Structure formats: structure tokens, C-alpha cells
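Novice: Fold the following for me, if possible:
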Amino acid sequence: MDVRIGVLQHPREIEVEVADGMSADELVALVDAAVEKGSGILWLTDKRGRRVGVPAAKLAYVELDTGAETRRVGFGAAV
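Specialist: Numbering: from 1, shown residues only. The predicted model follows:
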């Protein structure tokens, strides 16, 4: 699953591809817990085992792409 995180006062997104074993509900629970603390850090581990930490107070948005939809590319792609 791909996760895109917007950070306040930063022009670029942080993109993390989390392990396949993590569900969207588990990830939402992690984000909720970090935001509730206010001064906490949202820690995510990507497929390669690298850890990424983002201060919860600086989160602008978190976008989850579960890959459930197939992406269509090209002129003949039907919507």
C-alpha cells in the first residue's frame, strides 16, 4: 500500500510504500494515535525496513492508496 503524507510548510509530499501485511485500518489507527498525542511522531516502516518519522503536529494530510483499483493508462482507457 502506498502512503502519501503532506507536511505543513513543506512543498513536497513524503511517499512511503508500507509492507503488504499492514491493512488500511491499522494504518489509520496509527495516524489517529499519533494525532491524538499532539506531540507524538507518526512512525512508518516501508517494504525495505526503513523507518520514516513525521511529527504529528506537522501533518497536513495522509492519503492511502490501497491499490484496489486498477489504473488505466492510454487513449483507449474506459472510465
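
Novice: which SS class is Ala57?
Specialist: Classification of Ala57 by DSSP: H, G, I helix; E, B strand; the rest coil places it in helix.

Novice: Distance check, it against Arg51.
Specialist: According to C-beta to C-beta, to the nearest Å, Ala57 stands 19 Å off from Arg51. Yep, even glycine has a C-beta here, placed from its N, CA and C like the rest.

Novice: if you count what's nearby, which of those two comes out ahead?
Specialist: Comparing Ala57 with Arg51 by neighbour count (other C-beta atoms under 10 Å), the higher total belongs to Ala57, at 13 against 9.

Novice: Leaving out sequence neighbours, find the closest residue to Val54.
Specialist: Leu42 (4.9 Å; C-beta to C-beta, 6 or more residues apart in numbering).

Novice: Listing partners with orientation, what would you give for the one helix or strand that neighbour maps to?
Specialist: If you go by DSSP states H and E, Leu42 is part of strand 41-45. Using DSSP bridges, strand 41-45 pairs in its sheet with strand 51-55 (antiparallel).

Novice: Convert the C-alpha atoms of the partner strand to PDB, please.
Specialist: Provided in PDB are the C-alpha atoms of strand 51-55 (Å, rounded to 0.1, in the frame of the first residue of the first chain):
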ATOM      1  CA  ARG A  51      11.700   3.800   9.200                       C
ATOM      2  CA  VAL A  52      10.200   7.200   8.500                       C
ATOM      3  CA  GLY A  53       9.000   9.500  11.300                       C
ATOM      4  CA  VAL A  54       6.800  12.600  10.800                       C
ATOM      5  CA  PRO A  55       5.800  14.900  13.700                       C
END
